[in-house]
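Participant: how would this look folded up:
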Amino acid sequence: MGVSRVFRLGTPYNGVELPEIDTEQQTDTMYLSHIDHPVGKLTRAAHDSWSVGDVTFGPSITAPTGVAAVAHVLNTDSENDGNAYYPRPAHYTVTAIDADGLESRANASVTAVNDLDLKRNYNVITWSAVAGAESYNVYKADNSQFLGYIGKTEATSFTDDNIGPDLSQAPPEAYNPFDATGNYPSTITFFEQRLFLGRTRNSPNAIWGSRSAEFENFDQSTPLRADDSIAVAANAGRVNAINQLVATTSLLALASENLFRIDSGGSDGGYLTAAPPATPRRQIGRGSSRLSPIVVDNVVFYTPSVGSSVRSINYKFEIDGLTSDDVSIFSPHFFEGMSIVSWCYAQEPRSIIWAVRSDGKLLAFTWEQAQQVWGWTLCETDGFVLSCCSVPENGEDRVYLTVRRSLPGGERTFIERMASTRWESVEDCCYLDCAVSYSFDQPQSTFRNLWHLEGREVWGLVDGFVVKGLTVTNGAITLPPSAGSARKATFGIPFDVDIQTMPVMFNGGGGSNAARKQQPGELVLHLKDSRNVLAGAGKENGDVPTQLFELKTRGDEPWGTVDTLKNGKYLMDSPNVVSGQASVYVKQTDPLPLTLLGVYLDPIVNG
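Facilitator: Below you'll find the predicted structure:
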């Protein structure tokens, strides 16, 4: 894939710290959390305008300034020599409210001394206008009481003629739990219009949620209001470091020892609030690693903190709770002694989780929950895969890989994009590794810009025909005379496709076929848009069989045209090989499409 420009931006993170950065995106802003750095955000203003900086926690609107309180004493009960006149101090503070209903912090309180119990006495509170404010809330504390709400106004003054404060609604107070080294969070997510952060060095089991609809504001009131920021701790047995926070139909905390669901503190459930406080409830006793989980539909996939596997989190009606299932149980050999270092989900067109293994190989996990279809595939490239991500492009999810390859002259690291699975004709497809595709108005015989494959032997798909044994010299290759020239071509490193079915197990008239001598018999391959397919009887140890037969490729195509892609069911005879199991081996070596929809066989079992 070519690019017109690489945009570079400095960040406070070192290269070795990148795997520990957790991210969450909201439109053109991506929030970044790392346990050794303040919470940051990457902001995109345009294609070539990006910035990165620390988050300044607090409300988006400033507090009023110039607040003053003046006592108007018009009645001192002089008729009774002032016997009923008892002046007391009243403390006032003011907050600003913007057009979205978000409230600023309060200014420092001011005091007026008056006896508001006597008629005609009142206090006037004034302040300077705040940019962006639509209205103002006024709070009052009688003598030494707590501050409580006494009214709202769109003006910059307010008259208190003995209004009783509502002590259940207090002004927000500054609160920033991430203010210093040791208090920086390492995991982040959005849930119910709040930004949730968790796991600091000083409080590894703590979880904080921002004020409702204010992602960068963690202020609280005394007493707590429902929309104040949330602070909870996950406690169950040993220390539960919050490795990941996941938002599904509920908020999940994947800790090192257990998995928790954060529930509403209200008796009838509902949204998470500061009052009544949210409550962590232990659901599963299998902890999670630091690898970010993947959510597919309503299922969460994660890697456990102990062992080598991949597990899912599902809701089970019969227990009215969450359970954890091992989705790698049928392919344990793919995970033994290995770990997953990076993964991503490509929803369209195949619903695949791509996982980078610690040894640089790539795993593909197909997941179709509605059809109960799932399984793992090993993908090996001529290089070492470091990381992956998925980006929606033109109606499908394109997977990007960071790959380290050994080339003449040393190692190189590439950013590579998997080819599109959508193409109109075979000339447009790409089934080569580290490949470059070309399209010209006039046929060409020399193709350049292959410096990344200098000195390597490459294969090509040239106007739909396979060309092999080409060597890149001076960043270019020239087609041999037999191949002529082409308008469309793709050149890259070839790879093989190997598929072996599971052994067929059944009970026949003579009992089970297990361990009996048998062979597949006639084979039927159900193909879609495929070419140059080899098939035969599979071996018990999974090795490539010595006898594979090519499915007839040409029919009535005119001479000199490419073979027609196969669509439908095709019958083949299997070789006369007898083994202890009946399975089918399908292979393809050419850079051509292969979609295998099904395999049918009629096992022959010897007594």
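Participant: can I get the CA coordinates of stretch 108-117 in CSV?
Facilitator: Only the C-alpha atoms of stretch 108-117 are listed here, as CSV (Å, rounded to 0.1, in the frame of the first residue of the first chain):
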residue,chain,number,x,y,z
ALA,A,108,-14.6,30.8,47.4
SER,A,109,-17.6,31.5,49.7
VAL,A,110,-18.4,35.0,50.8
THR,A,111,-20.3,36.0,54.0
ALA,A,112,-23.0,38.4,54.9
VAL,A,113,-24.2,39.0,58.5
ASN,A,114,-27.9,39.7,58.9
ASP,A,115,-31.1,38.5,60.7
LEU,A,116,-33.2,37.2,57.8
ASP,A,117,-35.8,35.9,60.2
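Participant: model confidence over that stretch, on average?
Facilitator: Averaged across stretch 108-117, pLDDT comes to 94.
Participant: skipping adjacent residues, who's closest to residue 563 in space?
Facilitator: Counting by CB to CB, 6 or more residues apart in numbering, residue 563 lies nearest to residue 553, which is 4.6 Å off, once chain neighbours are set aside. (Glycine included, C-beta is placed from N, CA and C.)
Participant: that neighbour contacts residue 532, correct?
Facilitator: Yes: contact criterion CB atoms under 8 Å: residue 553 and residue 532 qualify, at 6.1 Å.
Participant: residues shared between the contacts of these two?
Facilitator: Common neighbours of residue 553 and residue 532 are listed as residue 563 (criterion: CB atoms under 8 Å, 6 or more residues apart in numbering).
Participant: what is the neighbour count of the residue nearest to residue 563?
Facilitator: 16 (other CB atoms under 10 Å).
Participant: which residues does it contact?
Facilitator: Contacts of residue 553 (CB under 8 Å, 6+ apart): 531-532, 563, 566.
Participant: before we move on, what SS does residue 414 have?
Facilitator: strand (DSSP: H, G, I helix; E, B strand; the rest coil).
Participant: which pLDDT value does the model give it?
Facilitator: As predicted, residue 414 sits at a pLDDT of 91.
Participant: quick one: contacts for it?
Facilitator: Per CB under 8 Å, 6+ apart, neighbours of residue 414: 383, 402-405, 434, 452.
Participant: and of those, the nearest to residue 419?
Facilitator: residue 434 (11.2 Å; CB to CB).
Participant: what helix or strand is that closest one located in?
Facilitator: Using DSSP states H and E, residue 434 maps to strand 433-444.
Participant: could you identify the most distant pair in the contacts of residue 553?
Facilitator: The most distant members of the contacts of residue 553, if one measures by CB to CB, are 532 and 566, lying 9.5 Å apart.
Participant: between the two, who's got more neighbours?
Facilitator: residue 566 (23 against 18).
Participant: re earlier: which pair in the contacts of residue 414 spans the largest distance?
Facilitator: 402 and 452 (14.1 Å).
Participant: for the residue nearest to residue 563, phi and psi?
Facilitator: Main-chain dihedrals, residue 553, degrees, to the nearest 10: phi -100, psi -40.
Participant: separation between it and residue 294?
Facilitator: To residue 294, residue 553 is 39 Å away according to CB to CB, to the nearest Å.
Participant: and stretch 32-48, how far apart are its ends?
Facilitator: 20 Å (CA to CA, to the nearest Å).
Participant: same deal with stretch 190-203?
Facilitator: By CA to CA, one end of stretch 190-203 lies 20 Å from the other end.
Participant: contact partners of it?
Facilitator: So stretch 190-203 is in contact with 24, 26, 31, 33, 35, 39, 177-178, 182-189, 205-213, 215-216, 230, 233, 241-243, 245, 247, 251, 253, 271-272, going by CB under 8 Å, 6+ apart.
Participant: which of those are buried, as a PyMOL select command?
Facilitator: With 16 or more other CB atoms under 10 Å as the criterion, this PyMOL line picks the buried residues out of the contacts of stretch 190-203:
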select buried, resi 24+31+33+35+39+177+178+183+184+185+186+187+188+189+205+206+207+208+209+210+211+212+215+216+230+241+242+243+245+247+251+253+272
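Participant: rewinding a little: which among the contacts of residue 414 end up buried?
Facilitator: Applying 16+ other CB under 10 Å to those flags 383, 402-403, 405, 434, 452 as buried.
Participant: re the thing from before, which one of the contacts of residue 414 is nearest residue 300?
Facilitator: Using CB to CB, the contacts of residue 414 come closest to residue 300 at residue 402, 25.0 Å.
Participant: please name the bridge partners of the closest one.
Facilitator: For residue 402, the beta-bridge partners are residue 387, residue 415 (DSSP bridges).
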